[in-house]
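>>> Sequence first, then the predicted structure:
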Amino acid sequence: MTLSPVFRSPAAVQLLREEGIWEGLGPSISGQADAVTVIRTDLRDLVDERFLTEDHPPPAPGDTESDHALEFLQEYFFLILFRSLFESLGVSDERLRYYSELNFCIKGTITAADNLFDDQAKSLLPLRDETGPRFLSILQLMAFERLMRRAGDRAVSRGVITAEQRDRVARGLINLMAEIGELEGSEEGGVGEIPPPDEMVRTVHRVRGGALFALSFVAPRILEEGATADVLSRAEPSIARLGTAFQIVDDLTDFEFDLTRRSHNLLVSEIRHHGSDEERTALARLWDGGSAPESGMVEGVFRRSARMVLERAYDEARRSFRELGDLGFWIPPSLADEIVRAIVGMDGIARMEALSAGAGEG
């Protein structure tokens, strides 16, 4: 899922440092860390201590250079990116505070729901995990629902939003989450048809990745006015496009997992509809359950199609950063390809390095 930790390789960290991305995101790292601290403090008013474990606090105010700050940036990169974008487009400090708290709750909700689909047990809250991964995910879902409400109530009490706006934001988030969830739920038993790549991007990736990123714009779309509302309305499709790009990269790194589940995967589609004879034969054997994917197949047998999929991700990201740059966002569009290569988690580092050799140039 595209809200997972990213920038995990040494080369990715070097990119963050040398290109000034880490430094440029410094104020937003601190702002997002404050929001995480506030929400985790709220948790202790909601859940008895016997269900909690020791908390590991975010980096201290002003700490944007330590290893701890790097870990926080890797975990919350997309939320930090959204906050930085909102700030550069004119959102007020009080609204930034609310959006950062809200986006943390959104990330936590998505993570918990993802756990249930993928049989994982990751938590963004200091909840005890001795009771089983499914219960932990359900408890996290319940907690984030209440924490999101508290963030809204706090914004109402400070006069940042009205109670009616708080409720409209909640409704908008649930509706968009339901749209994303419908897609995830439709794949529970596996998919039978493999649509062509263009159709899959439109019907799957612009929902699973694009709409996921667009969740960050639900509240601003309702709350902002005037020039700020206008520029944010133009930025939202670009952020959704960026989410699409990162979801495409996820398909490359999660190929074996998606193939085992028979869920939608753009590399599978590219091979089925446009792959070489050798690629289609190998995929047919795997799809029919004849054998499990061998290590290195994406980088080897399926390399041609995988490079085509990677180029789609580059195209989406290039256009997104170009459009955001035109609106005044500070990350240079020239870094789009490098950022795409760098946003994978630990499991995808070697694959992206192999596929990226000589790709995306020119």
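Good, I have the coordinates. Numbering: from 1, shown residues only.
>>> Other residues contacting stretch 123-135?
By C-beta atoms under 8 Å, 6 or more residues apart in numbering, the surrounding residues in contact with stretch 123-135 are 40, 43, 47, 50-56, 104, 107-108, 111-112, 115-116, 119-121, 136-137, 139-140, 143-144. Yep, even glycine has a C-beta here, placed from its N, CA and C like the rest.
>>> Buried subset of those residues as a PyMOL selection?
The following PyMOL line selects those of those that are buried, judged by 16 or more other C-beta atoms under 10 Å:
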select buried, resi 40+43+47+51+104+107+108+111+112+115+136+137+139+140+143+144
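>>> Kindly provide the distance from the residue of the chain positioned farthest from its centre to P293.
Distance from the centre of the chain peaks at D277, with 34.3 Å (C-alpha atoms, centre = their mean). To P293, D277 is 19 Å away according to C-beta to C-beta, to the nearest Å.
>>> N265 too?
With the distance defined as C-beta to C-beta, N265 ends up 11 Å from P293.
>>> Need phi/psi at L127.
Per-residue torsions, L127: phi -100, psi 140 (degrees, to the nearest 10).
>>> and the helix or strand harbouring V249, how far from the chain's centre?
Here V249 sits within helix 226-253, counting by DSSP states H and E. Remark: helix 226-253 is offset 11 Å from the chain centroid, using C-alpha atoms, centre = their mean, to the nearest Å.
>>> Does anything pack onto that helix? Which helices or strands?
In terms of contacts (3 or more C-beta pairs under 8 Å, 6 or more residues apart in numbering; DSSP states H and E), helix 226-253 is packed against helix 77-88, helix 212-214, helix 218-223, helix 266-274, helix 303-326, helix 336-342, helix 349-356.
>>> can you give me the angle the last one makes with helix 303-326?
Yep, that's helix 349-356 we're talking about. Calculated by axes from the mean of the first three to the mean of the last three C-alpha atoms, to 10 degrees, helix 349-356 forms an angle of 90 degrees with helix 303-326.
>>> elements contacting helix 349-356?
When contacts are defined as 3+ C-beta pairs under 8 Å, 6+ apart, helix 349-356 packs onto helix 226-253, helix 303-326, helix 336-342.
>>> Tell me where the model's unsure across this structure.
Counting by pLDDT under 70, the ranges of the chain that qualify are 1-2, 290-291, 358-362.
>>> So I110: helix, strand or coil?
Counting by DSSP: H, G, I helix; E, B strand; the rest coil, the backbone at I110 sits in helix.
>>> and the residue nearest to it when sequence neighbours are not counted, what does it touch?
Leaving aside its sequence neighbours, I110 sits nearest to L3 (C-beta to C-beta, 6 or more residues apart in numbering; 5.7 Å). Contacts for L3 (C-beta under 8 Å, 6+ apart) come out as F78, K107, I110, T111, L212.
>>> Closest one of these to W330?
Nearest to W330, judged by C-beta to C-beta, of these is F78 at 16.4 Å.
>>> quick one: contacts for that closest one?
Applying C-beta under 8 Å, 6+ apart to F78 gives the contacts T2, L3, V6, K107, F213.
>>> how about stretch 176-196: buried residues?
For stretch 176-196, by 16+ other C-beta under 10 Å, it's L176, M177, I180, L183, E184, E187, V191, I194, P195.
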